[in-house]
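Participant: return atomic coordinates for the entry below.
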Amino acid sequence: QVQLVESGGGLVQAGGSLRLSCAASARTFSDYVMGWFRKAPGKEREFVAAISWKGATLRYADSVRGRFTISRDNAKNTVSLEMNYLEPDDTAVYYCAAKSGSRWNDIERTVQYDYWGRGTQVTVSS
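Facilitator: Numbering: from 1, shown residues only. Next comes the predicted model:
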């Protein structure tokens, strides 16, 4: 069992920045692909970014590429999402997720992830 706890959400003006963090309780954190997803009101949960086991491979949604950066620290069992040039459309609850297994496939699909945090609210005002 892996527990994930997100932090760092808040209210920010358009054009501003936030850094989200996710702390994991996993015994071997590097066994998991880590992802960030978000859910806006009235929309389905959508993929934001993912990072491979040792951080060598990254994937971003088109809507955030160039503005967001995902990173991980396996020594501290944390994964972060640096968000810059935030837009009102980025307003959502952001979730951290962990995917077990050794395959980097379909990592944009929510069903691939085994563990989820409770989320942290990000609100971007115009």
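Participant: show me what the spatially most central residue of the chain bridges to in the sheet.
Facilitator: By Cα atoms, centre = their mean, the chain has its centre lying nearest to residue 36, at 1.9 Å. Beta-bridge pairing for residue 36 (DSSP bridges): residue 49, residue 96.
Participant: check what pLDDT it gets.
Facilitator: Looking at residue 36, its pLDDT reads 98.
Participant: got it, and residue 76?
Facilitator: On pLDDT, residue 76 comes in at 97.
Participant: packing partners of the strand or helix carrying residue 80?
Facilitator: Assigned by DSSP states H and E, residue 80 falls within strand 78-83. For strand 78-83, the contact count by 3 or more Cβ pairs under 8 Å, 6 or more residues apart in numbering; DSSP states H and E identifies strand 18-24, strand 33-39, strand 46-51, strand 68-73 as packing neighbours. Where C-beta positions appear, they are placed from N, C-alpha and C, glycine not excepted.
Participant: now the last one against strand 46-51, angle please.
Facilitator: Pointing back at strand 68-73 there. Strand 68-73 runs at 40 degrees relative to strand 46-51, counting by axes from the mean of the first three to the mean of the last three Cα atoms, to 10 degrees.
Participant: for strand 68-73, buried residues please.
Facilitator: Buried residues in strand 68-73, counted by 16 or more other Cβ atoms under 10 Å: 68, 69, 70, 72.
Participant: chain center to that strand: distance?
Facilitator: Mean-position distance between strand 68-73 and its chain equals 8 Å (Cα atoms, centre = their mean, to the nearest Å).
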